[in-house]
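> I'd like to go over a predicted model; first the sequence, then the structure.
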Amino acid sequence: MSNGNEAPQTSFFDLSGQQTGQPITKPRAINLSLLVVIFFTIYFLPMQDISPTAAPSLALVVAVVWIWITGCLPLAVGCMVLFLGGIFLGLFNYGAFTQAFGGSPFVPMIGMFIVSMGASRTNIAKRVAYIFLSSLGRSPSLILLAISIATAVVSIFVSNLGTTIVMASISIAILTELGEEKGTSGLGKAVMLSIPMFSMIGGMAFITSSPSTNMMGISMLESATNRAHTVTFTQWASIGLIGGAFLLIPTWLVYCKAFNIKNKSDGNIDIEVFRQRLKDLGPFCGAELRWLLIVLFMVGSMIFGVLNLPMAAMLFGFLTVAPFVGVVKPEDAFKSLPIEVLILIGFSPIIANVINDSGLANWAVVNLFGWAHGLHPLLIMLIATFAMAIMINACANATIGIIGVVIVAFTPLVLANDLNPTIALLPAMFMGSCTTVLGVQTNVVLTYHYGYWNMKDPIVPGLVLAVMWSVILTLVAYFFGPLFGMPIML
């Protein structure tokens, strides 16, 4: 219905996007046209030697990934294309789809997102930030370190996006008080770019720390191995916490060097201000204590095997919105759920089924990755991790889809070399949320509107981090995995 201010639509088709919000702009028209060309080009490839469904399967998967990467259609619409294409092409039936959807992390993701919302309704993040600042904030470099560590700690329990939003709002007040000028302040650039980076580091700690990307990696591993292999909460945490700890100081040093952050104060920093801010927050209130208990019991129940992840996520998600003990209004919680991300996670496991059932996975191992057969296990792990880092950073804001494609593509290679995919692909799963290079990436661009950095600022330090993190995380998994019951070889 028109609101009275819009001109009535006279043409039959909604080319202007007045009703759908998707105007047929020149870039969208080009990408949609290329989508059709790509699909039919692949569809008619002579791939009968692999299987009768190989070419249609590859055409559908590439088409859906093209939608996710280019954004020519919304992510959720791409999922609808995946479902409809698979049914019409005879790649799966409705029963197979519902089975794949039911085995996806769609339901536990709802609980995990709701639990993480509790932090934004309390002063927990501010309290953590000022605890570190009141101890470390004596110089620009130490202020950066304090904010960075606080961000990583908060992100262990809150989603990466939520952490970035909360910590940026805290940091902008600190930068303003220090007189850091927008666009020219090295400390301003370093702080505002470090916040999303250290939220990614914290997001590696637990499966629940960055629920959408972490659960996506695990779900695709399970689908690609017919549920023969998975990553438990304890297995993830044992490597995620150690790997994150190893990344903290090197990442801080990269940003200190990139933006020439001083080790000594110019005299405009008074640590007592931070201590007073902490004191002004007062003692822990009931809501903060309730949320902390919800998070601690949720994590503890999974670490000690009392509850599996879906049950723990839903139980403690329920407690977060329940009367008497909750900290979030139910209506606010459900309105804030990232529905498009949830749909994508629910639909994506079908990609693994399509690739496996069509024989494309086995074909890729022999024809695309045959050169890697027999390489040292550490090299294979590095190849998978670097592939994830490259794809994630090259394909802006198609994170969830790229994680699925990379994990599904490399699982057969790992298995063909008798590697344990639980540990061999874990570094790649960690890197699945590490969009460090481009300023347009969702988690990074959240701090752009504050005006402290421009789009070229993240590129060089981000490239360094992508390489450094890939190497460090792979080494941590390779050497520490066996110590926590995850042998490298099957």
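Alright, I've got the coordinates.
> distance of L379 from I488?
Distance, L379 to I488, by CB to CB, to the nearest Å: 12 Å. All C-beta spots, glycine's among them, are computed from the backbone N, C-alpha and C.
> residues contacting stretch 128-144, please?
Stretch 128-144 is touched from outside by 145-147, 149-150, 153-154, 167, 170-171, 174, 178, 187, 190-191, 194, 252, 255-256, 261-265, 269, 271, 274-275, 277-278, 281, with contacts defined as CB atoms under 8 Å, 6 or more residues apart in numbering.
> end to end on stretch 478-488, go ahead and measure it.
Taking CA to CA, to the nearest Å, stretch 478-488 runs 7 Å from one end to the other.
> and for that stretch, what are the contacting residues?
Under CB under 8 Å, 6+ apart, the answer for stretch 478-488 is 234-235, 238-239, 242, 377-378, 381, 419-420, 422-424, 426.
> what about L379 and I488, which has more around it?
I488 (19 against 11; other CB atoms under 10 Å).
> any of the contacts of stretch 128-144 buried? List them.
145-147, 149-150, 153-154, 167, 170-171, 174, 178, 187, 190-191, 194, 252, 255-256, 261, 265, 269, 271, 274-275, 277-278 (16 or more other CB atoms under 10 Å).
> in helices only, show me those.
Among the buried ones among the contacts of stretch 128-144, the ones falling in helices (DSSP state H) are 145-147, 149-150, 153-154, 167, 170-171, 174, 187, 190-191, 194, 252, 255-256, 271, 274-275, 277-278.
> and the gap between I124 and V328?
Distance from I124 to V328, by CB to CB: 13 Å.
> before we move on, back to that, farthest-apart pair in the contacts of stretch 478-488, please.
Spanning the widest gap among the contacts of stretch 478-488 are T234 and L378, at 23.5 Å by CB to CB.
> ends of stretch 199-210, what's the gap?
For stretch 199-210, the separation between the terminal residues is 9 Å (CA to CA).
> quick one: distance of that stretch to the chain centre.
Counting by CA atoms, centre = their mean, to the nearest Å, stretch 199-210 is centred 9 Å from the centre of its parent chain.
> average pLDDT for stretch 418-429, rounded please.
Averaging pLDDT along stretch 418-429 yields 95.
> quick one: buried residues of that stretch?
Under 16+ other CB under 10 Å, the buried positions of stretch 418-429 are L419, N420, P421, T422, I423, A424, L425, L426, P427, A428, M429.
> what does stretch 220-236 give?
Within stretch 220-236, the residues scored as buried using 16+ other CB under 10 Å are M220, L221, E222, S223, A224, T225, H229, V231, T232, F233, Q235, W236.
> which two among these are spaced furthest apart?
A224 and F233 (20.0 Å).
> outside of the helix or strand harbouring V341 itself, list whatever touches it.
Assigning secondary structure by DSSP states H and E places V341 in helix 339-347. With contact meaning CB under 8 Å, 6+ apart, helix 339-347 is reached by 68, 74-76, 78-79, 82-83, 101, 104-106, 109-110, 212, 215-216, 219, 400-401.
> and the protein, what are its domains?
Annotated domains of the chain cover 22-91, 110-212+230-339 [automatic domain parsing].
> tell me which of those domains sits most buried.
With neighbours defined as mean count of other CB atoms under 10 Å, the domains of the chain peak in mean count at domain 110-212+230-339, which reaches a mean of 20.
> now that domain: average pLDDT?
In this model, domain 110-212+230-339 carries a mean pLDDT of 86.
> first to last residue in it, what's the distance?
Distance between the boundary residues of domain 110-212+230-339 (CA to CA) amounts to 9 Å.
> how far away from the center of its chain is that domain?
On CA atoms, centre = their mean, the centre of domain 110-212+230-339 falls 15 Å from the chain's centre.
> do stretch 23-30 as well
Taking CA atoms, centre = their mean, the mean C-alpha location of stretch 23-30 is offset from the chain mean by 28 Å.
> other residues contacting that stretch?
L15, S16, G17, Q22, C72.
> please apply the same query to stretch 272-280.
Applying CB under 8 Å, 6+ apart, the external contacts of stretch 272-280 come out as K126, R127, Y130, I131, L133, S134, G137, E177.
> from L45, how far off is the closest residue to the first one other than its chain neighbours?
Okay, so that is K126. Distances taken as CB to CB, 6 or more residues apart in numbering place I170 nearest to K126, at 5.8 Å, with adjacent residues excluded. As judged by CB to CB, I170 and L45 stand 53 Å apart.
> before we move on, what about L319?
From L319 to L45 the distance is 52 Å (CB to CB).
> now T234
Using CB to CB, T234 is found at 44 Å from L45.
> quick one: what helix or strand has the closest residue to L475 other than its chain neighbours in it?
Spatial nearest neighbour of L475, chain neighbours left out: L378 (7.9 Å); criterion: CB to CB, 6+ apart. Element membership for L378, per DSSP H and E: helix 377-394.
> pull the CA atoms of that helix into PDB?
C-alpha atoms of helix 377-394 as PDB (Å, rounded to 0.1, in the frame of the first residue of the first chain):
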ATOM      1  CA  PRO A 377      49.800 -33.300   7.700                       C
ATOM      2  CA  LEU A 378      50.900 -29.900   8.900                       C
ATOM      3  CA  LEU A 379      51.100 -28.700   5.300                       C
ATOM      4  CA  ILE A 380      47.600 -30.000   4.500                       C
ATOM      5  CA  MET A 381      46.300 -28.200   7.500                       C
ATOM      6  CA  LEU A 382      48.000 -25.000   6.500                       C
ATOM      7  CA  ILE A 383      46.600 -25.300   3.000                       C
ATOM      8  CA  ALA A 384      43.000 -25.600   4.300                       C
ATOM      9  CA  THR A 385      43.500 -22.700   6.700                       C
ATOM     10  CA  PHE A 386      45.000 -20.400   4.200                       C
ATOM     11  CA  ALA A 387      42.200 -21.300   1.700                       C
ATOM     12  CA  MET A 388      39.700 -20.300   4.300                       C
ATOM     13  CA  ALA A 389      41.500 -17.000   5.100                       C
ATOM     14  CA  ILE A 390      41.800 -16.100   1.400                       C
ATOM     15  CA  MET A 391      38.200 -16.900   0.500                       C
ATOM     16  CA  ILE A 392      36.700 -15.300   3.600                       C
ATOM     17  CA  ASN A 393      38.600 -12.000   3.100                       C
ATOM     18  CA  ALA A 394      38.100 -12.000  -0.700                       C
END
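> what is the subsequent helix or strand relative to it?
Downstream of helix 377-394, the first helix or strand assigned by DSSP H and E is helix 399-416.
> tell me which other helices or strands the following helix or strand past that next one touches.
Next in sequence after helix 399-416, counting helices and strands by DSSP H and E, comes helix 421-424. On a contact count with 3 or more CB pairs under 8 Å, 6 or more residues apart in numbering; DSSP states H and E, helix 421-424 meets helix 211-224, helix 233-258, helix 377-394, helix 399-416, helix 459-480.
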